[in-house]
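J.: Quick one, fold the following:
(2 chains)
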There are 2 protein chains.
Amino acid sequence: MAEKRPVSNVVVLGAGMYRYGIYPEIPFTTMGMQAVQNALKDAGMDWQDVEVGYCSNANLSNAAGHILAWHIGANGMTMTNVENASASGNSAFREAYLAVASGAVDVALAVGVDKLRAYRHIADQNQKEIIKAPTNTAMMRGFAERAHRHMREYGTTVEQMAMVSVKNHYNGSLNPNAHYQKAVTMKEVFQARMIADPLTVLHCCPWDEGAAAVILCAKDIVHKYTSKPCPKVLASACHGNAEIDPLVEMTQITASKAYNMAGIGPRDLNLVEVHDAATIEEILYYEALDLCPMGEGGRLVESGATAINGRIPVNTSGGLLSMGHPIGPTGVGQIAELLWQMRGEAGPRQIIKSPRIGLAHMVGAGGVCFIHILGL
Amino acid sequence: MAEKRPVSNVVVLGAGMYRYGIYPEIPFTTMGMQAVQNALKDAGMDWQDVEVGYCSNANLSNAAGHILAWHIGANGMTMTNVENASASGNSAFREAYLAVASGAVDVALAVGVDKLRAYRHIADQNQKEIIKAPTNTAMMRGFAERAHRHMREYGTTVEQMAMVSVKNHYNGSLNPNAHYQKAVTMKEVFQARMIADPLTVLHCCPWDEGAAAVILCAKDIVHKYTSKPCPKVLASACHGNAEIDPLVEMTQITASKAYNMAGIGPRDLNLVEVHDAATIEEILYYEALDLCPMGEGGRLVESGATAINGRIPVNTSGGLLSMGHPIGPTGVGQIAELLWQMRGEAGPRQIIKSPRIGLAHMVGAGGVCFIHILGL
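T.: You can find the predicted model right below:
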């Protein structure tokens, strides 16, 4: 069942976003159009050049991707809607990759867009809290249990988890596409509203709206569109199994496939985006991705190794905690961050040591994990 | 924008179905499981061999594919939900094909499953009509207009359209997976309840429930599973454009791509499944697929050429009109019919002249068309 290693003939050549946030008055088409148009501009490409599109969305109606495409204009592109819970965007990216990798098309679009189904959770807006968006409280209770277990088994501390929040909110404060563009202090993390002990709301990702788009093309034609460096897709790995630990074991299996496909190891990575729906998750994924030994995740963040200019920067975008988690777009936005960092276009959050290999990771509630590795 | 012709390294090796119909008391998981298990048996394969799955559904909740997979059991497979309106099943088949064609995996599953959202339309069940399932009346009004236009422009008659219904209901009467396993007479077609003049309910497909599954694998490993003949995927073509005629022009463009990719012409086809949501549609697609000249579609069905043992059999399964149209499964069920006909396993509806090349066609309301060509 090992996935084979296809020839790396697919590159990512452009990305665009609509800043994640809460927009009760903005239709999904407006957000999706802006993300796609930004991605086309970034890619040096016309809408007419796009042959197939995959629209990831988890909260919209059927045909959402087509409605978005109608708004942009008729171009002969075939749109397909894909859904994979939190990993929907990663799934859209993978399908776009497969369409090009198979030789079926030269140019493919992955666009994620989503809206909240209801705004009843936003009553918090009138409060003075830093964080106003809804979070998934039921899911956070599960993460709180994982946090306690990690503390028991490995001596991880709540302070170390809070450091993930401080790091990612700092990174997000430097990202114009992040929902929360505001750094937070350790004290603020501890004093925020409790969601599920020990996780305050600043340990939990918000539930967002927004859009993200990336464009992929066959490596041999990329020169037609851009002279910018374009990372290759070195690995597209996935695994699904609802009967194993969806966090650690699932990620370990998928990472093993991905490293094998890319022909690299975790020490070769220069940046990583992971599914930090809760701070404890980022720590678990440090370990499952083998960025550090099992049980050392808390100490890894404490050491500063995962900060923007640390040994292995994680979630330079701000991650789900600060950039936000609009579901459909999330995994696509991760690819955008990898692209911009590898091109040196990440502005004030740019990693100084020009990163050349990056990894994006998400899990989905259906019992799936996706890992993509890009390399210049 | 012409799609390239990939090396044909993908075969279809098994199919399974859950008979289309209306099942208020049967959950989608039961239907989906039976279709998948039948497909595995047909393929000579274990569930553990399947690496990725695509679940097409248009009326279920998020993660429907994963819930189905949970019921079958944990096997490491990564599931992704896809949606493309009426063409959802064709989209799932295409993604499964691309996953294998790209070299990413060896074995992929496409499974379509759907339920009606509500049963309020089935009030007809207490009436004495032949056809009891709901139909999409709003859409049929559009098809009625197309029927009048074709009659005006080409002299097509309501009798010729009724012949499509009689042919497809006859075919469905021979198909144990068809919703309506009952032949109808010309008189019954004319005397049935009027939906949108000139289309009585027997000119219109029902809105069904059910499931269909097919399994694809890399050609070089098929011998591990089965010694049966397995058709190759010669073409996977698609086109999307909401600003052109979604019926004729969209199908013409997609057919041109598909014939080019497969390296064949319409005269090489031995069987065809088309999107006959209404009888007039089948006539339009005869022409758009170039099975006959423009305007000759009515006369083609009248000649008997598209009957099971005619020159070019169309909708031997019974088509949407008689086999049914459960949306998510429909396009997958078309592939099942092509497979079984090519293997000589179609029972009483088997085409005598062992068919070697078959085509499946659907359009989707998002403004897309999919055409797949299989060949032994």
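J.: got the residues of the stretch 151-300 of chain A near chain B?
T.: A:236, A:238, A:239, A:240, A:241, A:242, A:243, A:244, A:253 (CB under 8 Å from any CB of the partner chain). Just so you know, the C-beta spots here come from the backbone N, C-alpha and C atoms, and that holds for glycine as well.
J.: Could you pick out which of these are located in helices?
T.: residue A:253 (DSSP state H).
J.: would you turn the residues of the stretch 151-300 of chain A next to chain B into a markdown table with distance to residue B:205 and pLDDT?
T.: Formatted as a markdown table, those follow (distance: CB to CB, whole Å; pLDDT from 0 to 100):
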| residue | distance to residue B:205 | pLDDT |
| --- | --- | --- |
| A:236 | 37 | 97 |
| A:238 | 35 | 97 |
| A:239 | 38 | 96 |
| A:240 | 34 | 94 |
| A:241 | 38 | 90 |
| A:242 | 35 | 86 |
| A:243 | 39 | 88 |
| A:244 | 42 | 91 |
| A:253 | 43 | 97 |
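J.: Would you mind writing the CA trace of the longest strand along chain A as PDB?
T.: For chain A, the strand that runs over the most residues, judged by DSSP state E, is strand A:10-21. Taking C-alpha atoms only, strand A:10-21 is exported to PDB below (Å, rounded to 0.1, in the frame of the first residue of the first chain):
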ATOM      1  CA  VAL A  10       4.100  19.800 -11.000                       C
ATOM      2  CA  VAL A  11       4.900  23.300  -9.600                       C
ATOM      3  CA  VAL A  12       2.900  25.800  -7.600                       C
ATOM      4  CA  LEU A  13       3.100  29.200  -9.400                       C
ATOM      5  CA  GLY A  14       0.700  31.500  -7.700                       C
ATOM      6  CA  ALA A  15      -1.400  32.000  -4.600                       C
ATOM      7  CA  GLY A  16      -4.000  34.500  -3.500                       C
ATOM      8  CA  MET A  17      -6.200  35.000  -0.400                       C
ATOM      9  CA  TYR A  18      -9.100  36.800   1.100                       C
ATOM     10  CA  ARG A  19      -8.200  37.600   4.600                       C
ATOM     11  CA  TYR A  20      -9.700  35.200   7.100                       C
ATOM     12  CA  GLY A  21     -12.300  36.700   9.500                       C
END
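J.: mean confidence score for it?
T.: For strand A:10-21, mean pLDDT rounds to 97.
J.: That strand near chain B anywhere?
T.: No: counting by CB under 8 Å from any CB, chain B has no neighbours in strand A:10-21; the shortest distance is 9.1 Å.
J.: helices or strands next to that strand in the packing?
T.: helix A:28-43, helix A:88-101, strand A:209-218, strand A:232-240, helix A:330-342 (3 or more CB pairs under 8 Å, 6 or more residues apart in numbering or on different chains; DSSP states H and E).
J.: Export the ones you listed as TSV, with columns for distance to residue A:179 and mean neighbour count.
T.: Putting the helices and strands packed on strand A:10-21 into TSV (distance: least, CB to CB, whole Å; neighbours: other CB atoms under 10 Å in any protein chain shown) gives the following:
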stretch	distance to residue A:179	mean neighbour count
helix A:28-43	13	23
helix A:88-101	15	30
strand A:209-218	8	30
strand A:232-240	27	26
helix A:330-342	11	29
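J.: For residue B:269, which of the ones you listed is the nearest?
T.: When the helices and strands packed on strand A:10-21 are ranked by distance to residue B:269, counting by CB to CB, first place goes to helix A:88-101 at 25.5 Å.
J.: Could I get the average pLDDT for the closest one?
T.: Helix A:88-101 comes out at a mean pLDDT of 97.
J.: returning to that earlier point: what would the residues of the stretch 151-300 of chain A next to chain B look like in TSV with distance to residue A:68?
T.: Shown next, in TSV, are those (distance: CB to CB, whole Å):
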residue	distance to residue A:68
A:236	24
A:238	25
A:239	30
A:240	27
A:241	32
A:242	31
A:243	36
A:244	35
A:253	34
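J.: The helices and strands packed on strand A:10-21: which one's closest to residue A:139?
T.: Among the helices and strands packed on strand A:10-21, helix A:330-342 sits nearest to residue A:139 (CB to CB), with 14.2 Å.
J.: where do the helices sit along the stretch 201-350 of chain A?
T.: A:248-262, A:279-288, A:297-302, A:319-322, A:330-342 (DSSP state H, counting those that start in this stretch).
J.: Of those, flag the one that's most buried.
T.: helix A:319-322 (a mean of 32; mean count of other CB atoms under 10 Å in any protein chain shown).
J.: What helices and strands are in contact with that one?
T.: Identification of packing neighbours for helix A:319-322 by 3+ CB pairs under 8 Å, 6+ apart yields helix A:158-173.
J.: Toward the C-terminus, what is the element adjacent to the helix it packs on?
T.: helix A:186-191 (DSSP states H and E).
J.: tell me the average confidence for that following helix?
T.: 97.
J.: Can you point out the buried residues in that helix?
T.: A:188, A:189, A:190 (16 or more other CB atoms under 10 Å in any protein chain shown).
J.: Poorly predicted segments of the stretch 51-200 of chain A, please.
T.: A:119-133 (pLDDT under 70).
J.: Now the residue in the stretch 251-376 of chain A that chain B sits nearest to: closest residue in space that isn't a chain neighbour?
T.: The minimum distance from the stretch 251-376 of chain A to chain B, using CB to the nearest CB, falls at residue A:366 (3.0 Å). Nearest residue to residue A:366, sequence neighbours excluded (CB to CB, 6 or more residues apart in numbering or on different chains): residue B:66, at 3.0 Å.
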